[in-house]
Structures are given as C-alpha cells and as structure tokens.
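Enquirer: Attaching a predicted model along with its sequence, questions to come.
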Amino acid sequence: MDAPCWSALLSGWRAGDSPLYGQLAEALRVGIRSGQLSPAAVLPAERALAGLLGISRSTVVAAYDALADGGWITRKRGSGTRVAATAPRGADVLALRTPSALGLREDEFDFTIAVPLLNDSQRGELREAAHDAFQESLYYPHGLPELRALLAEMYTREGLPTTPEMVLITSGAQGAISLLANVFLRPRDRVLLETPTYFGAIDAFRAAGAEAVGVPVTAQGVLPDAFAQAAQQHSPRLAFLTPTFQNPTGTVMPTRAREKIAAAVAEARLPTIEDDTLIDLGFGAEAPPRISTFAPDAPIFNVGSLSKLYWAGLRLGWLRVPAAHAGPVGQARTLSDFGSSLPGQHIALKLLQDLPRLRQQRREAVTPARDLLAALLRLHLPEWRFSVPDGGQFLWVELPTRQASAFTLTAARHGVRLFPGAAMGVDALPDSFVRLPFTLDPARLPEAVLRLKAAWDEFEARQGGERLA
C-alpha cells in the first residue's frame, strides 16, 4: 500500500457525526467521483487500511460493504478490492502530493506549507510599493522590462553573466517549473530528481507524463558521481536540483560538487533546473556560488521567487534562461498567458531594489522561530531526530516509527496538519519522516508542539510502543 498517497487522499475523512464506517465510505466515494480513484484502481487491504487510519478492521469491512452494495467497488477473493468499472467518476485527476490549506480551522496548526508571515510594517511597505503599479495597460509576456533588467543585474553581480533577454517573469517558482516541464518533457520521458525533493516539482513532472528517476540526497546533497551515473544510465530529458538549503533536508551542496555537476550537465547537454527559491534564506555563512556559475552557457535554468523571501501572495517568480534556449522557452511563456500581473511586478521591482535588507529581515524573522521549534521538540519529543539547518525553512525530522503517514492522521485529529515525508520521495523512502517548517507564528509554536506530543503519545499507545532506534 502507498501509505503517503492514501493518507493524503483520506486526510479529512473524519468529517461528521455519522458512524466511522459511513464517513470512510463517503471519503472513498468522493475520491472516485473526483477521478482520483479511477476504474479498476486497487483499494488497500482491510487490515492495512485499518492500521493506517487507526481504526478497527471491522470498520473498514463495513465501509467496503457499503460501497460494494452501492456499486462503487467490487470485491473478489484473490484479486482484492477495486473501484468498479461502472462507478461514476469525473475526468482522471492526479493524486497531488502538493498539500492544500483549504478548510483550515482557526484552532488548527498547518505544518504542510511554509510561507512567510507578513507584519504590519511589511503591509505598509507593500502598499507604498504599489503606488506606481497601475500606470499602464500593456502586455509584457516575458515580464516588465525594468524588472527583468534588475534581475539580470543581480545574477551578473553574483557571478552569473545575464542579460535582460535571458530573464522571464512567471507566476511564482511553480509556474517556472511547470513551464520548463511543458517545454522539455513528453509522456514517458525520464526526469532526474533528488530524492526526497520538492513535491510541487514531482507533481509538475508527473502531470507532463514523465517517469521520475531519483538520486539520493546525502548530508552533502546529491553526490556528483551518482548524478552523472544516473544521467548516463537513464538518459533523462530534464533534471531538477536544489543545491542550496535543499527542500526538505536543508542540505547545502559543496562548491567542488557544484563544479562537477556543472561539468556533467555541460557535457551531456542535459537541461537542468537549479531551484534557487531558498538561496536567500541563509542564517550564517554565505552559500556557495550557483551551479550555473561554473558553466554559464550550459542548459541550466535558474528559478527564483519572492514567495519564500517576502510574501507568497505576490505569486511572483522568475527564470534565468541560457541564451541558446531563450527563444523556445520565451515562446512557451507567451503561449501560456500574456504575462504575470503588472501590479505584482511593479511591487517586486520596488522590493528587489533593496534585496540585502529583505534578506536580513527574513533571517531575523526565521532564525528565532527555527531555534524555538528545535528547542520545543527536544524538550517534548526527544526521541525525534533532526539536524538544525544553516538555512531554508524546514526541519527534516525522523520519527522512531515506520508508519509516519499513519501518524499524520493521528496528528490531524489533534488539530495539527502534517505532510508525510515519504510523499516527497521519488523512489520509495522509509516512512519515518515528516517535514516541519519553522514559519508558523512563534507565539503559536508551543501549543503546536504540545499537540504533536499528545498525538505522538496516542499513536505510540496504539502501536504498542513499536520503535526503530
């Protein structure tokens, strides 16, 4: 059973006062109607699903009986339980790994998405930056010229020669990643990714019909030899790397490794996305140069964003495109829409003119939250293991269980939303990790960790104290 997938699909299944079997049956009906469970899709075995959800096997049996009576599923000894071919459904829909904050209650804590918190000073700054945002009514499919020029200057100043024509403005980093997926990938192509990695990239490449191939992330990030070997063995059409404060592990690839990967990309002419969205979130020493600086003409595409540095609501990202690829990628950008929001681009132009200050403010906001979350976890959940990263916005936490996906459902009943780390794996990962962002309001972190502690105590009691370490 793909536990992370099923925990995501059934994350909100307890939503009512009806008997548990009825709530479970309805959640599965919703999955079928929405197209997330297609005809002939195999449902988990009764005992496995009961273990994941923390309920009795008889409850799952009753739910399956209700679905079978209604013609939603078929049950046959030897071939398992499947969605019926005649069951109503919508168009096929990917079971997205990307979490959603829809329906979040005020008393819930959401650790699934990491976004900066705006303070009153920043709200005022945004209003001031928007002063000239409504002066024109033009289309700029590739982005506001002044903003492209500013970003080109930033890349050049940081060691990567760039002209404004090599910069495209997108609707967030996700828009840039999806754009490149549409340009380079066709169904059944292979794409090379770190594992674990950013779930939005996994979803974008799956939506393009590509087959994901994973290269393990170590304490030094992806190892160059492993990357080069995988590229040679699998002949991918695209690669995706986050060398600086990797999402979710927080690792930083050393300078020498970046040089070697740049050389491998240049030799293979392998289009490679270098995700820079967390590059500004260092807490100490400066990060090494971008991979692309060691091979400026190689097909390395740098993705940046204001979502992690300042505010996700701007939906403002950008893409540095090697000159040789500017034509086709620029055309694809124009075909996707006629340009990102002009007010957002004008605001970004004003903000990015003072980039060092933005970086310093973000460090000052995030560092205390990181340290507080780490201290609270060590106090209340000392058996959870993690390293405090030098940048980024996540703790990659290993739990003493092989059923972290099931624990996320227990935590949800305590009002804490978590995302199972195994869902961030390209290949099968041990189901022992969760990603905890330290972007919540620090004033709320003590209560959030106390709820995690209560959920963990309940989960351990139900599991009979099974442990790994």
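Expert: Received the coordinates, thanks. Remember, it's a predicted structure, so these values are computed and weren't measured experimentally.

Enquirer: Can you list the residue ranges for strands in the stretch 51-200 of the chain?
Expert: Ranges of strands in the stretch 51-200 of the chain, per DSSP state E, counting those that start in this stretch, are 73-76, 80-83, 109-110, 167-170, 190-195.

Enquirer: Pull up the pairing partners for the last one, direction included.
Expert: Each strand that pairs with strand 190-195, with its direction, by DSSP bridges: strand 211-218 (parallel), strand 238-241 (parallel).

Enquirer: For Ser432, find the nearest of those.
Expert: Closest approach to Ser432 among those is made by strand 211-218 (15.0 Å; CB to CB). Any C-beta I mention is one placed from the backbone N, CA and C, and that applies to glycine too.

Enquirer: Show me where the stretch 201-350 of the chain dips below the pLDDT cut-off.
Expert: Nowhere does the stretch 201-350 of the chain drop to pLDDT under 70.

Enquirer: how about the helices of it, start to end?
Expert: For the stretch 201-350 of the chain, the helices defined by DSSP state H, counting those that start in this stretch occupy 224-234, 255-268, 326-336, 342-352.

Enquirer: Can you spell out the domain ranges of the protein, please?
Expert: Segmentation of the chain into domains, based on automatic domain parsing, reads 3-83, 109-114+359-463, 120-353.

Enquirer: could the ones you listed be laid out in a markdown table, adding mean neighbour count?
Expert: Below are these laid out as a markdown table (neighbours: other CB atoms under 10 Å):
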| stretch | mean neighbour count |
| --- | --- |
| domain 3-83 | 17 |
| domain 109-114+359-463 | 19 |
| domain 120-353 | 19 |
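
Enquirer: ok, back up a step: now tabulate the strands of the stretch 51-200 of the chain in JSON lines and tack on mean pLDDT and distance to Lys308.
Expert: Below are those laid out as JSON lines (pLDDT from 0 to 100; distance: least, CB to CB, whole Å):
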{"stretch": "strand 73-76", "mean pLDDT": "91", "distance to Lys308": "42"}
{"stretch": "strand 80-83", "mean pLDDT": "93", "distance to Lys308": "38"}
{"stretch": "strand 109-110", "mean pLDDT": "93", "distance to Lys308": "16"}
{"stretch": "strand 167-170", "mean pLDDT": "97", "distance to Lys308": "15"}
{"stretch": "strand 190-195", "mean pLDDT": "97", "distance to Lys308": "18"}
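
Enquirer: okay, these in CSV with distance to Arg417 next?
Expert: Shown next, in CSV, are those (distance: least, CB to CB, whole Å):
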stretch, distance to Arg417
strand 73-76, 28
strand 80-83, 27
strand 109-110, 5
strand 167-170, 28
strand 190-195, 23
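
Enquirer: Ile273: which of these is closest?
Expert: strand 190-195 (9.4 Å).

Enquirer: Tell me what angle the closest one forms with helix 224-234.
Expert: Between the axes of strand 190-195 and helix 224-234, defined by axes from the mean of the first three to the mean of the last three CA atoms, to 10 degrees, the angle is 150 degrees.

Enquirer: So what's the gap between strand 190-195 and the chain middle?
Expert: Put simply, strand 190-195 sits 14 Å off its chain's centre (CA atoms, centre = their mean, to the nearest Å).

Enquirer: can you check stretch 43-56 too?
Expert: With CA atoms, centre = their mean as the basis, the mean position of stretch 43-56 lies at 27 Å from the chain mean.

Enquirer: Tell me the secondary structure at Arg29.
Expert: helix (DSSP: H, G, I helix; E, B strand; the rest coil).

Enquirer: Could you find the closest non-adjacent residue to it?
Expert: Of all residues beyond its chain neighbours, the one nearest Arg29 is Trp72 (6.0 Å), with distances taken as CB to CB, 6 or more residues apart in numbering.

Enquirer: What is the subsequent helix or strand relative to the lengthiest helix in the chain?
Expert: Longest among the helix segments of the chain by residue count, using DSSP state H, is helix 355-380. Following helix 355-380 in sequence order, the next helix or strand is strand 394-398 (DSSP states H and E).

Enquirer: Show me the contact partners of that next one.
Expert: Residues from elsewhere that reach strand 394-398 (CB atoms under 8 Å, 6 or more residues apart in numbering): 114, 196, 247-250, 370, 373-374, 377, 384-389, 421, 432-438.

Enquirer: if we go to 10 Å?
Expert: If you take CB atoms under 10 Å, 6 or more residues apart in numbering as the criterion, strand 394-398 is touched by 111, 114, 196, 217, 245-251, 278, 370, 373-374, 377, 381, 383-389, 404, 418, 421, 424, 430, 432-439, 452, 468-469.

Enquirer: Can I get the following helix or strand past that strand as CSV, trimmed to CA atoms?
Expert: Per DSSP H and E, the first helix or strand lying C-terminal to strand 394-398 is helix 404-413. Presented in CSV, the C-alpha positions along helix 404-413 are these (Å, rounded to 0.1, in the frame of the first residue of the first chain):
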residue,chain,number,x,y,z
ALA,A,404,4.8,8.3,9.8
SER,A,405,2.0,8.5,7.2
ALA,A,406,-0.4,7.0,9.8
PHE,A,407,0.9,9.4,12.4
THR,A,408,-0.1,12.4,10.3
LEU,A,409,-3.7,11.2,10.5
THR,A,410,-3.4,10.9,14.3
ALA,A,411,-1.9,14.4,14.4
ALA,A,412,-4.8,15.7,12.3
ARG,A,413,-7.3,14.6,14.9
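
Enquirer: Kindly calculate the angle that helix 404-413 makes with strand 394-398.
Expert: Using the same axes, to 10 degrees: helix 404-413 against strand 394-398 is 120 degrees.

Enquirer: Can you spell out which helices and strands pack onto helix 404-413?
Expert: On a contact count with 3 or more CB pairs under 10 Å, 6 or more residues apart in numbering; DSSP states H and E, helix 404-413 meets helix 3-9, helix 46-53, strand 416-417, strand 433-437, helix 445-463.

Enquirer: for the record, mean pLDDT for the second one?
Expert: In this model, helix 46-53 carries a mean pLDDT of 93.

Enquirer: Which secondary structure elements does that helix sit against?
Expert: On a contact count with 3+ CB pairs under 10 Å, 6+ apart, helix 46-53 meets helix 3-9, helix 20-33, helix 57-69, strand 80-83, helix 404-413.

Enquirer: which helices and strands does the longest helix of the chain pack with?
Expert: Against helix 355-380 (3+ CB pairs under 10 Å, 6+ apart) you get helix 120-129, helix 145-157, helix 342-352, strand 394-398, strand 433-437, helix 445-463.

Enquirer: Could you pull up the mean pLDDT of the last one?
Expert: Right, the one you point to is helix 445-463. 95.

Enquirer: same for it, what does it pack against?
Expert: In terms of contacts (3+ CB pairs under 10 Å, 6+ apart), helix 445-463 is packed against strand 109-110, helix 355-380, helix 404-413, strand 416-417, strand 433-437.
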